[in-house]
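Participant: pasting a predicted model and its sequence here:
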Amino acid sequence: NVYALRFLLLFLPLALMGLAIVFFQDQWFTLLIAGISIAALLSITPRIHVWSRRQRRVAEIRRGLTDLLDMLCMCLEGGMALLPSLRQARLHLREYPSLQKELRLIERQAEVGSLERALQQFARRLNLVEARQVASLLTRYQVLGGQSTRLLLEQADQFRIHRKQEATRIANRSPIWLTFPLVFCFAPSVLILLIGPALMQMDEFFNPREGTPNYLENSEQITAGQNFFGDEVQPGLPNFGQDPFAERGTGGDQNQATPTVSSGEEGLLGRVGDDLLLREFMPIEGTQIPQQ
């Protein structure tokens, strides 16, 4: 019995919780919350299991109603009565065992009472729109005879169209469910692959490690040299386009004002200027320097 199982699953965790509280009184609040949560979860587990089984059974019966109507039409057009037609259809519906059980129950209720009442009980048990329509059509056939065979075929076609529309609806809804694993599983990995190398290069640029060149300090030194000399100066190459004595105030126009440099730029000026002087007046290979 489902209710007995629910009571057992509800009572057993609460009893274990009471015993645990007796032995572990310091953690009574945590044990209380855990026991109540486990008892509530276990108490609804049988109901969820029954509901899931009912949903599978109803879906199986819904799929088999179309084949049932087709077989009933063939048997009725062949001259068989309605109750023997139901028995013959039941024997051939081996792919739908749940529907076979329902048809067997209809036969037994029809033998005891009437077929109309058995069909009403069938529609009430399943509580499906399709089951009520089948029960109504079979009841009408019991009254009108062969004139309702065409209605059974049309109803079977309507069931097929409905099944096709249901499959299309499920297929159209699948991309929405695929969005969640795409966003939470694939997108982060792709972002890591694309942005990770760039972040590592930026970290190496702003926080250089030992043995790697400091690009920020080199760029600041080159910028200071450019601001002093007025032209672009590349490190390691002399600037042959202007007179170094003119920039330092020792040659060229004597009236030109000597630029004022700060104490931080004075050492840089001395190194860069000496390097330019040495490279500017270095003798060409193969020539001799005249003696004074």
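Facilitator: The structure has been received and is ready for your questions. Residues are numbered from 1 along each chain as shown.
Participant: tell me, please, the helix or strand in this structure that averages the lowest pLDDT.
Facilitator: Taking mean pLDDT, DSSP states H and E as the measure, the helix or strand of the chain with the lowest value is helix 244-248, at a mean of 48.
Participant: which other helices and strands does the helix or strand containing residue 108 contact?
Facilitator: For residue 108, the enclosing helix or strand under DSSP states H and E is helix 97-112. The elements that helix 97-112 packs onto, with contact taken as 3 or more CB pairs under 8 Å, 6 or more residues apart in numbering; DSSP states H and E, are helix 28-77, helix 82-92, helix 115-126. Bear in mind the C-beta positions are built from the backbone N, C-alpha and C, glycine included.
Participant: please name whichever of these is nearest to residue 21.
Facilitator: Nearest to residue 21 among the helices and strands packed on helix 97-112 is helix 28-77; the distance by CB to CB comes to 4.8 Å.
Participant: specify the angle between that closest one and helix 82-92 in degrees.
Facilitator: Orientation of helix 28-77 against helix 82-92 (axes from the mean of the first three to the mean of the last three CA atoms, to 10 degrees) gives an angle of 120 degrees.
Participant: so what pLDDT did the residue most central in space within the chain get?
Facilitator: Note on the chain: the residue nearest the mean C-alpha position is residue 181, at 1.4 Å, using CA atoms, centre = their mean. For residue 181, the pLDDT comes out at 81.
Participant: touching, residue 64 and residue 101? I think so.
Facilitator: No - with the criterion set as CB atoms under 8 Å, residue 64 and residue 101 do not qualify as a contacting pair; they are 11.2 Å apart.
Participant: of these two, who's got more company?
Facilitator: Neighbours per residue (other CB atoms under 10 Å) separate residue 64 from residue 101, with residue 64 holding more: 20 against 13.
Participant: ok, the more buried one - contacts?
Facilitator: Residues touching residue 64, when contacts are defined by CB atoms under 8 Å, 6 or more residues apart in numbering, comprise 93, 95, 96, 98, 99.
Participant: run a quick neighbour tally on residue 37.
Facilitator: 11.
Participant: follow-up on the earlier one: buried ones in the helix or strand containing the residue nearest to the centre of the chain?
Facilitator: Assessed by DSSP H and E, residue 181 sits inside helix 149-181. Along helix 149-181, these residues count as buried under the neighbour rule (16 or more other CB atoms under 10 Å): 149, 151, 152, 155, 156, 159.
Participant: would you agree the fourth one is in contact with residue 137?
Facilitator: Yes - under the criterion of CB under 8 Å, residue 155 makes contact with residue 137 at 5.9 Å.
Participant: chain neighbours aside, what residue packs nearest to residue 82?
Facilitator: Nearest-residue entry for residue 82: residue 142, 5.9 Å, with adjacent residues in sequence omitted and distances by CB to CB, 6 or more residues apart in numbering.
Participant: and the one you found, how close does it get to residue 61?
Facilitator: As defined by CB to CB, to the nearest Å, residue 142 lies at a distance of 21 Å from residue 61.
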